[in-house]
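Trainee: Predicted model and sequence follow; I will ask about them next.
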Amino acid sequence: DGGITQSPKYLFRKEGQNVTLSCEQNLNHDAMYWYRQDPGQGLRLIYYSQIVNDFQKGDIAEGYSVSREKKESFPLTVTSAQKNPTAFYLCASSIYDRGTDTQYFGPGTRLTVL
Amino acid sequence: LAKTTQPISMDSYEGQEVNITCSHNNIATNDYITWYQQFPSQGPRFIIQGYKTKVTNEVASLFIPADRKSSTLSLPRVSLSDTAVYYCLVGDGSSNTGKLIFGQGTTLQVKP
């Protein structure tokens, strides 16, 4: 059963705590991405990685960190430096094929800071 | 990166054809046009992608005029389950950055 999995589906965090969101894919895709979505808004890019052991900041990277030690895994850590972390977090992966790079998304993790 | 403009919301009735038009005046030569569908609290789902003219799959059709400054997603005979947010994006397929800009999308409400 191929696809992108994110865990947990819901996550609660106390202020001042770091928390790590999991993203795994078994599609053999090279690139992986993290987005944040706030209510009624579109998606904003946090970080992306085109290859193992390499990643780049997106538009709203402050307060977040990532790692890409394996092709199939791209965990996102929301640090205490993130001022407003309550949001819906989406992970995606893609593979470059015939001139285009289509992203496929996981089910998302909803993070709530208490 | 090219930005897109699409209506904030649309209403339709079951069984009707729905056309959602997206404007992308600054589309680059290498950009593809991609549409996603998103239900509440779920990840966006890829619907269709095209470069020019017309593309059709089992879910939708995508019409792209010769100047590529706009595109129209056509959903035939919508049902209540097609109520969702639809995003139009243009992306640089040549650079392999995969960086897409998601706007607010079009919220489609299908009524019985």
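Mentor: Looks like it came in fine.

Trainee: Contact residues of chain A facing chain B?
Mentor: A:4, A:31, A:33, A:35, A:40-45, A:48, A:50, A:58, A:88, A:90-92, A:94, A:96, A:99-108, A:110 (Cβ under 8 Å from any Cβ of the partner chain). Heads up, the C-betas are built off the backbone N, CA and C, glycines and all.

Trainee: what about the residue nearest to B:Ser70 when sequence neighbours are not counted, distance to A:Tyr104?
Mentor: Once flanking residues are discounted, B:Ser70 sits nearest to B:Ser23: 5.0 Å by Cβ to Cβ, 6 or more residues apart in numbering or on different chains. The gap separating B:Ser23 from A:Tyr104 is 26 Å, by Cβ to Cβ, to the nearest Å.

Trainee: quick one: which of those two has more around it?
Mentor: Ranked by neighbour count (other Cβ atoms under 10 Å in any protein chain shown), B:Ser23 and A:Tyr104 place A:Tyr104 first, with 20 against 15.

Trainee: Who are the packing partners of the host helix or strand of that one?
Mentor: Applying DSSP states H and E as the criterion places A:Tyr104 in strand A:100-105. On a contact count with 3 or more Cβ pairs under 8 Å, 6 or more residues apart in numbering or on different chains; DSSP states H and E, strand A:100-105 meets strand A:87-97, strand B:45-50.

Trainee: which stretch among these comes nearest B:Pro112?
Mentor: Nearest of these to B:Pro112, taken as Cβ to Cβ: strand B:45-50 at 22.9 Å.

Trainee: Name the surrounding residues that touch the helix or strand following that closest one.
Mentor: Going down the chain from strand B:45-50, the next helix or strand is strand B:53-56, by DSSP H and E. Outside of strand B:53-56, the residues within contact range by Cβ atoms under 8 Å, 6 or more residues apart in numbering or on different chains are B:Ile48, B:Gln49, B:Ser61, B:Leu62, B:Phe63, B:Ile64.
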